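[1] generate coordinates for the sequence data below:
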Amino acid sequence: MDEQKIRKLLQIAEEALRQAQAVFTDENTEEPHEGAEKKLTGPQRRARLLAHFVAAKDNSLSRAQVSHAAMVSGYGDPRGVAALYNGQTNWLKSQGDERIMTPTAVEWFESKGKQHLDGYKAVNI
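    Okay, here's the model as predicted:
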């Protein structure tokens, strides 16, 4: 592999790591999507996204609903949401065609996540 390809792979890996770390820390490393009112911390974005699951029937969303909820919750990059499925802490999991919160996500949302909502109201999508 030539040096230019290696540099590009390293850049991609560093960006993926940065996005994953933003999900699990209070760092504000992700730029808001167009139309977002402000930059949000990782816990704020995560709490907003999980609030959509809580508001949904049976606490589950389809893949398309998760994509929409992620966008309105402040996730500008799908890699941030992917880390919720595959990170050190699995917050979400697939169950057939539906996406559901793991027990860890439910516990975090109830004990800590609500404090990060800052008045944000999730609606059924």
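[2] once you drop chain neighbours, what's closest to the spatially most central residue of the chain?
    When Cα atoms, centre = their mean is applied to the chain, the residue found nearest the centroid is V81 (3.7 Å). If the residues on either side of it in the chain are set aside, V81 comes closest to A70, at 4.7 Å by Cβ to Cβ, 6 or more residues apart in numbering. Quick note: C-beta positions are derived from backbone N, CA and C, even for glycine.
[3] the one you found - that's part of a helix, no?
    Yes: the assignment for A70, made by DSSP: H, G, I helix; E, B strand; the rest coil, places it in a helix.
[4] which stretches of the protein form strands?
    With DSSP state E as the criterion, the chain has strands at 60-62, 92-95, 98-101.
[5] buried residues, the first one. List them.
    Read it as strand 60-62. S60, L61 (16 or more other Cβ atoms under 10 Å).
[6] sorry, back to before: what about the residue nearest to the centre of the chain, distance to W91?
    10 Å (Cβ to Cβ, to the nearest Å).
[7] show the contacting residues for the residue nearest to the centre of the chain.
    Going by Cβ atoms under 8 Å, 6 or more residues apart in numbering, V81 touches L49, V66, S67, A70, Y75.
[8] please repeat the previous calculation with a cut-off of 10 Å.
    With contact set as Cβ atoms under 10 Å, 6 or more residues apart in numbering, V81 has these partners: 19, 23, 45-46, 49, 66-67, 69-71, 73, 75, 91-92, 99.
[9] wait, doesn't Q65 sit right on I100?
    No: judged on Cβ atoms under 10 Å, Q65 makes no contact with I100 at a distance of 11.7 Å.
[10] now do the shared contacts for those two.
    Common neighbours of Q65 and I100, counting by Cβ under 10 Å, 6+ apart, are F53, A56.
[11] for the chain, give me the ranges with low pLDDT.
    16-38, 124-125 (pLDDT under 70).
[12] let's go with 90 and repeat that
    The chain contains residues with pLDDT under 90 at 1-42, 57-59, 74-83, 86-90, 118-125.
[13] helices of that one, start to end?
    Per DSSP state H, the chain carries helices over the ranges 3-24, 42-55, 63-72, 78-86, 103-111.
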